[in-house]
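1. predicted coordinates and the sequence they were generated for:
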Amino acid sequence: MFFLSGALYPVGSLPPYIKVFAYINPLCYGVDSFKHVLLPGTGQLAPEFPDALDVALSRSSPPPLPSLRPLSSRGGNEEGRLFVVATPIGNLEDMTFRAVRVLKEAGLIAAEDTRHTRKLLAHYGIDTPLTSYHEHNEREKAGLLLDRLKAGTDVALVSDAGTPGISDPGFRIVRLALEDSIEVVPVPGPSAIISLVSVSGLPTDEFTFKGFLPEKEGALKDLLSGLSGPHTYIFYESPRRLKKTLAVIRETLGEVEIAVGRELTKVHEEVIRGNVSRVMDWLGAGEVKGEVTIAVRMLERAKGDFIPALEALLSSGAKLNEAVKAVAKDFGLPRAVVYKAALAIRAESREDKE
């Protein structure tokens, strides 16, 4: 019997997914729901999880895992299928039952880094053959994988973390497979984008993922200046560039609301929320470590509100750059927006004098 969340359950009455969970992933420890097992006929508690699960399940054979849809059921089409499989972004317990099954039963796994993926497969007892598929060899490997698919091999595509094709290799082979009418099957799972969006505290009825932010400051400012609201934008960023990037965001967009997710789903997970200055203060002077995801909330700007203040400063003799800096700070606006308006005011003033 199982002692589960304060109640005793006969092993046979447990939902199948609990048995499958224990069968697939007996090494997942620290799950509060699984505390002890009461040994049948003894009235005594077995050792604590995970050993308790092994004892109980040894009294009842684990249910067989369902197989992938066999080739014979494909209506005469004997080509393989391409499975795009999401894998954990930091916590091995986030692996889904379906992802484990697909990786076990596929004929080949195409991995961004085979060394990294081997560790994942070893954890789940998966011995499916591996081949590398990354940004430096995808042109060459895509054709080879396509040949395997045409020959009837089910291929599972994985990246180092998250979903292949989302700022990771994958687009090329997916596109080629679709062009050859090969079935492409999503196997969803962990995502840094969705993980941050869900806990950001920012409106998420609409949001846009923009990928990795540009490294060069000019390109970064151009991208940020093109953002509009009301809307939430999601970016990936390198930890070593994060503080510099936040400074550029503040200079270009003003004190917008943001959320910065670091080491999501891992032991040292951290989500920092607030305006840009607050987040920068929180980060302090120390080194930022771990993968970083940023959410930025753009509001609809009432651009006309600051014009009278800007006109007053310029007419009083203030230098253009000083006026722009003061108004941008007072109204929480990007300097680029205020500067553009200042140039228009100056040009209009010159026309009036002429």
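-> Structure received. Numbers count the residues shown, from 1 in each chain.

2. below-threshold pLDDT in the stretch 251-354 of the chain: ranges please.
-> 301-304, 351-354 (pLDDT under 70).

3. would you map the helices across it?
-> Ranges of helices in the stretch 251-354 of the chain, per DSSP state H, counting those that start in this stretch, are 276-283, 307-315, 320-331, 335-353.

4. same deal with the stretch 101-250 of the chain?
-> Under DSSP H, counting those that start in this stretch, the stretch 101-250 of the chain gives helices at 114-123, 138-150, 171-179, 192-199, 217-225, 242-253.

5. for residue 108, which of those is the nearest?
-> helix 138-150 (6.0 Å; Cβ to Cβ). The C-beta positions use only the backbone N, C-alpha and C, and glycine is treated the same way.

6. now do the buried residues in that closest one.
-> Neighbour counts using 16 or more other Cβ atoms under 10 Å place 138, 141-142, 145-146, 148-149 of helix 138-150 among the buried residues.

7. distance to residue 307 added to the helices of the stretch 101-250 of the chain, as CSV?
-> Output for the helices of the stretch 101-250 of the chain, formatted as CSV (distance: least, Cβ to Cβ, whole Å):
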stretch, distance to residue 307
helix 114-123, 54
helix 138-150, 51
helix 171-179, 45
helix 192-199, 35
helix 217-225, 19
helix 242-253, 19
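
8. so which of those helices is nearest residue 162?
-> That would be helix 192-199 among the helices of the stretch 101-250 of the chain, by Cβ to Cβ, at 6.0 Å.

9. wait, residue 229 sits on residue 298?
-> Yes - proximity of residue 229 to residue 298 meets the contact threshold set by Cβ atoms under 8 Å, at 3.3 Å.

10. is it true that residue 151 touches residue 108?
-> No - using Cβ under 8 Å, residue 151 is not in contact with residue 108; the gap is 10.5 Å.

11. higher neighbour count, those two?
-> Ranked by neighbour count (other Cβ atoms under 10 Å), residue 151 and residue 108 place residue 108 first, with 18 against 11.

12. look up how far residue 102 lies from the more buried one.
-> Counting by Cβ to Cβ, to the nearest Å, the gap from residue 108 to residue 102 is 12 Å.

13. identify whichever of the helices of the stretch 101-250 of the chain lies nearest to residue 343.
-> The nearest among the helices of the stretch 101-250 of the chain, by Cβ to Cβ, is helix 217-225 at 14.5 Å.

14. re the thing from before, residue 169 is nearest to which of the helices of the stretch 251-354 of the chain?
-> helix 276-283 (30.7 Å).

15. packing partners of the closest one?
-> Contacts defined by 3 or more Cβ pairs under 8 Å, 6 or more residues apart in numbering; DSSP states H and E place helix 276-283 against helix 242-253, strand 257-262, strand 270-275.

16. which residues outside it are in contact with it?
-> 242-243, 246-247, 249-250, 253, 255-256, 258, 260, 272-274 (Cβ atoms under 8 Å, 6 or more residues apart in numbering).

17. export that helix to CSV, keeping only CA atoms.
-> Extracted C-alpha coordinates of helix 276-283, given in CSV (Å, rounded to 0.1, in the frame of the first residue of the first chain):
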residue,chain,number,x,y,z
VAL,A,276,15.1,48.8,-14.6
SER,A,277,16.9,50.7,-11.8
ARG,A,278,15.4,48.5,-9.1
VAL,A,279,16.6,45.4,-10.9
MET,A,280,20.0,46.8,-11.5
ASP,A,281,20.3,47.7,-7.8
TRP,A,282,19.3,44.2,-6.9
LEU,A,283,22.0,42.7,-9.1
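
18. buried stuff in it?
-> In helix 276-283, counting by 16+ other Cβ under 10 Å, buried: 276, 279-280, 283.

19. phi, psi for residue 125 please.
-> The phi and psi values for residue 125, taken as degrees, to the nearest 10, are phi 70, psi 40.

20. so how far is residue 104 from it?
-> In terms of Cβ to Cβ, residue 125 sits 8 Å off from residue 104.

21. okay, those two: which has more neighbours?
-> residue 104 (18 against 12).

22. please report the distance of that one from residue 214.
-> Distance from residue 104 to residue 214, by Cβ to Cβ: 40 Å.

23. and for residue 248?
-> Distance from residue 248 to residue 214, by Cβ to Cβ: 10 Å.

24. which neighbours do the two share?
-> residue 220.

25. give me the below-cutoff pLDDT ranges for this structure.
-> In the chain, residues with pLDDT under 70: 1-77, 301-304, 351-354.

26. residues near residue 284, how many?
-> Residue 284 has 9 nearby residues by other Cβ under 10 Å.

27. show me what contacts it?
-> Counted by Cβ under 8 Å, 6+ apart, residue 284 has zero contacts.

28. neighbour-wise, which of residue 229 and residue 298 wins?
-> Neighbour comparison, residue 229 and residue 298: the larger count goes to residue 298, with 17 against 14 (by other Cβ under 10 Å).

29. could you give the bridge partners of that one?
-> residue 231 (DSSP bridges).

30. which residues touch stretch 162-170?
-> Here stretch 162-170 has contacts from 84-87, 89, 112, 133-135, 138, 157-160, 171, 174, 188-193, 209, 211-212, 236, using Cβ under 8 Å, 6+ apart.

31. now do stretch 319-339
-> By Cβ under 8 Å, 6+ apart, stretch 319-339 touches 221, 224-225, 251-255, 301, 303, 305-306, 309-310, 313-314, 318, 342-343, 346.

32. 6 Å - rerun?
-> 225, 252-255, 306, 309-310, 313-314, 342 (Cβ atoms under 6 Å, 6 or more residues apart in numbering).
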